[in-house]
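Colleague: model this:
(chains A and B)
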Amino acid sequence: MTAPFPASAFAPDATTPLILALPKGRILSECGPLLARAGIVPSPDYADEDSRRLRFPTENPLLDVVRVRPFDVATFVAFGAAHIGICGADVLMEFDYPEVYAPLDLGIGRCRVSVAEPVETAGMDDSSRWSQIRVASKYPNIARRHYASRGIHAEVVHLNGAMELAPGLGLCRVIVDLVQTGSTLKANGLVETEVIAPVTSRLIVNRTALKTQPEAVGAWIAKFRAALEAA
Amino acid sequence: MTDDLPPNPALLPAGLLDLLPPEAETEASAVEALMTVFAAHGYQRVKPPLLEFEDSLLAGSGIAVADQTFRLMDPDSQRMMGLRADTTPQVARIAATRLGRVPRPLRLSYAGQCLRVRGTQLAPERQVAQAGIELIGHDSPEADAETVLVAAEALAAVGLTRVSFDLTLPMLVPTLLDDAGITGPNRVSLARALDRKDAAAVTRHGGALAPVLTELLLAAGPADRALAALAAAKLPALAGILAERVAATVAAIRAASPDLRLTVDPVEFRGFRYETGVSVTVYAPGRHEELGRGGRYICGDQASGTSEPATGLTLYPDAILRVAPARQARPRIFVSFGTDRGMLAALQSDGFATVAALAAVSDETAEANRLGCSHILRAGNAALINTEG
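Modeller: Numbers count the residues shown, from 1 in each chain, chains lettered A, B, ... in the order given. Next comes the predicted model:
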């Protein structure tokens, strides 16, 4: 049989706090004002990237905050380890978890998922003649889907960072990456050739949590909606 | 060639597992408890085979699990066979053919294992137990309510009283989109936005329907609020009939069992995609897996005119056992070599599992301990072993 989970992990009573998963890094600071308007006041060190703590109580005893890597927010919420989360649309597109609902566009963390390639090769040949292409990306699924939709098989080299180096070193022809200002691309001799999708951060909730605790989870969605309208 | 280590014999293919003591016995008794409740409500048991011809297995409602079905060729008939991934299509086939002449409404129940080609990340199991009921030949809110009520009673029989039933209308969204003439890529985007409850995208792709759809999207939750929103939306034609149907079903369930926790999600349209009326998903609060699923479908073949309305609900015993309170295992008692069989029978009828010595042993207490017995037979009496000693 499967190794059992401790029963307390699923304790389904009204006194167990809901968990809100927040992404470390860039988006976290943009979340601050929104959280304040939604009435969420986590203990002050939650935004301190040097703090070793990962879970923070808030002034509301029925809500705790956890801080995880942006890609992991969707996973925590999909598995129900966190009930609510804030997560970029890029991550949702990549994982495409059916267990995650994305009820609100928070309008923060604005950027885009784009294709970029070296200035020298951009526009030099007709991509409709390609059968396959080698792509470096931290979004293998987005890259594969994007090229498959135009009849090209993408061989994806999965990298976690420093994507911009890959074409110049002969690892791949193009990269699929998150672009905010484009300055990193430019500094590495790359040019953005195509926008796959615009990205903003979304409020996400676990599907089962919304079905089984509709009052509590729905109330938080409503608070975030009100906070957005107040902005 | 490299010398790979020989595979560990304990390793099973992904998504398959051995059920060990005491879980295997617990599972069997839980399935029996569920089936007893089904039988008490007049649901008669059928047992379809594990394998059958692909054409019949995947016909009608079976098409929904076609991509999850293992197939193999029958060397005898040279025809393709499928291993069931869901039992409902088989029961529907039985009802439409061999039991076609039995008076309606026909109540059937079943319990068995299903296999799926792949699990999901969240539910990795590829072998799934099912225990369920089908109510065939009656199209009414009362029939929909009956399957929910019987399932709730069956769950209570295994100690699960805090469950919630989520009612959905899988055909509502497609009907609304048809009526509004939304087609092509916009329909795909809108359906996806509704599926993910993405209000911003619903507004973007919804056109004239956007206000109604957003309202219904936000109404998902406790039954009363959702039904009020459905009524207020004044949906046209077929969509309106569906809305009235779910309201009537909720009323019928409430009349029989006022405390049962019900939620309604009007725009949800997921699941085994063959439901045509009210569909149901069973949840336990705080758990992130479904305990069961069911709904209304068309039984039989529409083309040949043998189709009839049907509804059913399938419970997943594996998921139920992960949530249900632990059951007291039968206590094991060690009995000396040569103990009289009448004595064994008496102990067994008192609820003990007897573990008989196969030869005389010198230290019986130590032996009983070694074999995991909680009791030992001393001078004709069951004595508790002090496990500290």
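Colleague: quick one: is stretch B:18-38 near chain A?
Modeller: Yes. With C-beta under 8 Å from any C-beta of the partner chain as the criterion, chain A is reached by stretch B:18-38 at B:Asp18, B:Leu19, B:Leu20, B:Glu23. Every residue, glycine included, has its C-beta placed from N, CA and C.
Colleague: among these, which lie within helices?
Modeller: The helices, defined by DSSP state H, take in B:Glu23 from these.
Colleague: buried ones only from the residues of stretch B:18-38 next to chain A, please, as a ChimeraX command.
Modeller: Paste this into ChimeraX to select the buried members of these, with burial taken from 16 or more other C-beta atoms under 10 Å in any protein chain shown:
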select /B:23
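Colleague: tell me the least confident of the residues of stretch B:18-38 next to chain A?
Modeller: Among these, B:Glu23 carries the lowest pLDDT, at 87.
Colleague: the most centrally placed residue in chain B: what's it in contact with?
Modeller: Computing the C-alpha centroid of chain B and ranking residues by C-alpha atoms, centre = their mean puts B:Leu315 first, at 2.3 Å. B:Leu315 is in contact with B:Leu34, B:Gln130, B:Ala131, B:Gly132, B:Ala151, B:Ala154, B:Leu155, B:Val282, B:Leu291, B:Gly292, counting by C-beta atoms under 8 Å, 6 or more residues apart in numbering or on different chains.
Colleague: wait, is the second one part of a helix?
Modeller: In this case it means B:Gln130. No. Counting by DSSP: H, G, I helix; E, B strand; the rest coil, B:Gln130 is not part of a helix but strand.
Colleague: hang on, the earlier thing: make JSON lines from the contacts of B:Leu315 and add neighbour count and pLDDT to it.
Modeller: Output for the contacts of B:Leu315, formatted as JSON lines (neighbours: other C-beta atoms under 10 Å in any protein chain shown; pLDDT from 0 to 100):
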{"residue": "B:Leu34", "neighbour count": "26", "pLDDT": "97"}
{"residue": "B:Gln130", "neighbour count": "21", "pLDDT": "97"}
{"residue": "B:Ala131", "neighbour count": "26", "pLDDT": "98"}
{"residue": "B:Gly132", "neighbour count": "28", "pLDDT": "98"}
{"residue": "B:Ala151", "neighbour count": "27", "pLDDT": "98"}
{"residue": "B:Ala154", "neighbour count": "27", "pLDDT": "97"}
{"residue": "B:Leu155", "neighbour count": "25", "pLDDT": "96"}
{"residue": "B:Val282", "neighbour count": "24", "pLDDT": "96"}
{"residue": "B:Leu291", "neighbour count": "24", "pLDDT": "95"}
{"residue": "B:Gly292", "neighbour count": "24", "pLDDT": "95"}
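Colleague: follow-up on the earlier one: separation between the residue nearest to the centre of chain B and chain A?
Modeller: Distance, B:Leu315 to chain A, by C-beta to the nearest C-beta, to the nearest Å: 17 Å.
Colleague: mind pulling up the pLDDT for that residue?
Modeller: Turning to B:Leu315, the model gives it a pLDDT of 97.
Colleague: bridged to it, which residues?
Modeller: Counting by DSSP bridges, B:Leu315 is bridged to B:Ala131, B:Gly292.
Colleague: for it, give its distance to B:Gly277.
Modeller: B:Leu315 sits 20 Å away from B:Gly277, going by C-beta to C-beta, to the nearest Å.
Colleague: ok, of the residues of stretch B:18-38 next to chain A, which one's closest to A:Leu22?
Modeller: Comparing the residues of stretch B:18-38 next to chain A against A:Leu22 with C-beta to C-beta places B:Glu23 closest, at 38.1 Å.
Colleague: one step back: CSV for the contacts of B:Leu315, including distance to B:Lys234?
Modeller: What follows is the contacts of B:Leu315, written out as CSV (distance: C-beta to C-beta, whole Å):
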residue, distance to B:Lys234
B:Leu34, 41
B:Gln130, 39
B:Ala131, 40
B:Gly132, 36
B:Ala151, 32
B:Ala154, 37
B:Leu155, 36
B:Val282, 31
B:Leu291, 34
B:Gly292, 33
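Colleague: many thanks, we can stop here.
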